[in-house]
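In: pasting a predicted model and its sequence here:
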Amino acid sequence: MKKNHLISLSNNKRTTIKMFVMNCCCWILLLYVGSILTACSDEDSVKKNPYLSTCTRAMLKEAVEVRFLNLDKNTNIHIDFGDGTIKEGMSTDVITHKYTQSGDYTMNVTAGEHKIQKRIRVYNLLALTEAMKQFKDPNYKKVWVMTHRAHTTDLTIPENSIPSVSAAIKSGAEIIECDTHVTKDGVVVVCHDQTLNATTNGSGDITKMTFEEIQKYNLKDRNGNLTDEKIPTLEAFLKAGRGKIYFNLDYSPRTASTKQVFDIVKKLEMTESVLFYCNSEQKVKEVLDLDQDAHAYPWVGTHKALVGLPGTYFIQGSYMTNGKSTDVSEGIADGMIVSIGMLAWTGSDVSEYELNETYLEDLLAIFPDVKMIMTDVPKELIKALKQRGKR
């Protein structure tokens, strides 16, 4: 009997321990589920707190938008933009401001009992929307210069490389043209060709290689000599010239999608610094679907989706020494601004390495309304345009 009693007590003890462990597990499970429900509930503090939406980088005279989320619609808003400008409104308003001086500013925003500070950097370069308006002024005689693949006459710098951005800025050009492709793992890079063969010491199709694989190879300069430079990401390339020069992204005949390219530009808050080259009407529509205010830059004839929009838009054509230059009359009739490539196209005798002023005179005679010329020799073209009163 005593032995059985001890066994009974031992069993009871084991049962009690089991029940205790089970209860602990249940409580832990309930606490875990409760935490999930709390995190997803309407009482979530992140969802309930007011959220200020605005940019942290802007161009001169870019329309900086300030808006609130998760704030009572009757709340008064007071914004000190840090440059002497103060604006007020309601929480449902989108309050805008254009900075007219470059610099770093602190916005002080009061929304009801909430006080929020936001830093913003304003670059010393006009927003494209404002800059493009100048071409509507008959007194604005300046012809812009776009540098093809960020080329200059310094052939020791690889095309479409980070150092080429600095060289292009130093040349005095307004815009850098560059080309984009996307790697196997979704990284948008800057390279004219879809393969590495012509510009690096490697070979292979960019779209079938990872970014890490591509980085094993080095860029060659334009004399064919190997350098320490690598194929850059589009993000790094844009950052290298942010606030100092505009960019023309030649993506539509390449492998990166409209959205892949646009998302990078948007992330960097550079939509007022970038032209999106479009080689088809479909590509123009894709750009406008992503942002109605984006600066689409189509080949003449693919520009129809831009007709009637409030913006000012370039169309592209080409100068050919064989007498087959692009007819841009349709674009002019539709209110577009003329941009012409003076490049070493197939069928053209234009040199990639030097400026032929006779050809420049011919170009200006064929395209008297030209407002921008794309070239491989920006510094030399700028000098020649100045001599003709077009800079």
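Out: Thanks, I have the structure now.

In: touching, residue 147 and residue 170? I think so.
Out: No. With contacts counted by CB atoms under 8 Å, residue 147 stays clear of residue 170, the gap being 10.7 Å. C-beta: built from backbone N, CA, C; applies to glycine.

In: who has more neighbours out of those two?
Out: Counted by other CB atoms under 10 Å, residue 147 and residue 170 do not tie: residue 147 has more neighbours, with 29 against 13.

In: which one is residue 369 nearest to, not counting chain neighbours?
Out: Here the nearest residue to residue 369 in space, its sequence neighbours aside, is residue 338; by CB to CB, 6 or more residues apart in numbering that works out to 5.0 Å.

In: ok, now which ones touch that neighbour?
Out: Applying CB atoms under 8 Å, 6 or more residues apart in numbering, we find residue 338 in contact with 314-315, 317, 328, 331-332, 367, 369-372.

In: could I get the contacting residues of residue 157?
Out: By CB under 8 Å, 6+ apart, the neighbours of residue 157 are 163-164, 167, 221-222.

In: roughly how far does it sit from residue 118?
Out: 38 Å (CB to CB, to the nearest Å).

In: can you check residue 361 too?
Out: Distance of residue 361 to residue 118, computed by CB to CB: 52 Å.

In: ok, residue 51 next?
Out: Relative to residue 118, residue 51 is positioned 12 Å away (criterion: CB to CB).

In: so the two - more neighbours on which side?
Out: Between residue 51 and residue 118, residue 118 has the larger neighbour count (other CB under 10 Å), namely 18 against 12.

In: so that one makes contact with residue 55?
Out: No. Assessed by CB under 8 Å, residue 118 is found out of contact with residue 55, at 9.2 Å.

In: give me phi/psi at residue 121?
Out: For residue 121, the backbone dihedrals are phi -100, psi 130 (criterion: degrees, to the nearest 10).

In: now swap in the one 5 residues further on and tell me
Out: Here the main-chain torsion angles of residue 126 (degrees, to the nearest 10) amount to phi -60, psi 140.

In: can you check what pLDDT the model gives it?
Out: Here, the pLDDT recorded for residue 126 equals 98.

In: ok, the residue lying closest to it once chain neighbours are set aside to residue 243 distance?
Out: Closest residue to residue 126 apart from its sequence neighbours, by CB to CB, 6+ apart: residue 60 at 5.0 Å. In this view, residue 60 and residue 243 are 9 Å apart by CB to CB.

In: got the contact list for residue 222?
Out: Residue 222 neighbours (CB under 8 Å, 6+ apart): 151, 155-159.

In: return a ChimeraX selection command for the buried portion of these.
Out: Filtering the contacts of residue 222 down to the buried ones (16 or more other CB atoms under 10 Å) takes a single ChimeraX command:
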select :151,157,158,159
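
In: can I get the contacts of residue 222 in CSV with secondary structure?
Out: Below are the contacts of residue 222 laid out as CSV (DSSP: H, G, I helix; E, B strand; the rest coil):
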residue, secondary structure
151, coil
155, coil
156, coil
157, coil
158, coil
159, coil
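
In: just put the contacts of residue 222 in TSV and tack on pLDDT.
Out: Converted to TSV, these look like this (pLDDT from 0 to 100):
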residue	pLDDT
151	98
155	98
156	98
157	98
158	98
159	98
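
In: and the helix or strand hosting residue 145, how far from the chain's centre?
Out: Using DSSP states H and E, the element containing residue 145 is strand 144-147. On the basis of CA atoms, centre = their mean, to the nearest Å, strand 144-147 sits 18 Å off its chain's mean C-alpha point.

In: mind checking how far the helix or strand following it is from the chain centre?
Out: Using DSSP H and E, the helix or strand that directly follows strand 144-147 along the chain is helix 162-171. In terms of CA atoms, centre = their mean, the centre of helix 162-171 is found 18 Å from the chain centre.

In: could you number the chain from 33 rather than 1 from now on?
Out: Done: numbering now begins at 33, and the last item shifts to helix 194-203.

In: what pairs with the helix or strand that comes right after helix 194-203, parallel or antiparallel?
Out: Beyond helix 194-203 on the C-terminal side, the first helix or strand identified by DSSP H and E is strand 207-214. In the sheet, strand 207-214 lines up against strand 176-179 (parallel), strand 220-222 (antiparallel), strand 278-282 (parallel) (DSSP bridges).

In: next one: the second one to chain centre, how far?
Out: Between the mean C-alpha point of strand 220-222 and the mean C-alpha point of its chain there is a distance of 12 Å (CA atoms, centre = their mean).

In: before we move on, what about the longest one?
Out: In this view, strand 278-282 has its centroid 9 Å away from the chain centroid, taken as CA atoms, centre = their mean.

In: give me the contacts around it.
Out: Contacts for strand 278-282 (CB under 8 Å, 6+ apart): 157, 160, 163, 178, 206-212, 266, 270, 273, 293, 297, 302, 305-309, 329.

In: could you give the angle of that strand to helix 194-203?
Out: Orientation of strand 278-282 against helix 194-203 (axes from the mean of the first three to the mean of the last three CA atoms, to 10 degrees) gives an angle of 130 degrees.

In: where in this structure is pLDDT low?
Out: For the chain, the stretches flagged by pLDDT under 70 are 33-82.

In: contact partners for the spatially most central residue of it?
Out: When CA atoms, centre = their mean is applied to the chain, the residue found nearest the centroid is residue 297 (1.8 Å). Listed by CB under 8 Å, 6+ apart, the contact partners of residue 297 are 270, 281, 303, 305-306.

In: that one belongs to a strand?
Out: No. Residue 297: not assigned to a strand; according to three-state DSSP it is helix.

In: do you know how far it is from residue 189?
Out: Counting by CB to CB, the gap from residue 297 to residue 189 is 24 Å.

In: now do residue 409
Out: For residue 409 relative to residue 189 (CB to CB), the value is 13 Å.

In: ok, now residue 181?
Out: 11 Å.

In: over to residue 138?
Out: 38 Å.

In: now residue 160
Out: 26 Å.

In: over to residue 387?
Out: 18 Å.

In: can you check residue 359 too?
Out: Per CB to CB, residue 359 is found 35 Å from residue 189.

In: likewise residue 403?
Out: Counting by CB to CB, the separation of residue 403 from residue 189 is 27 Å.
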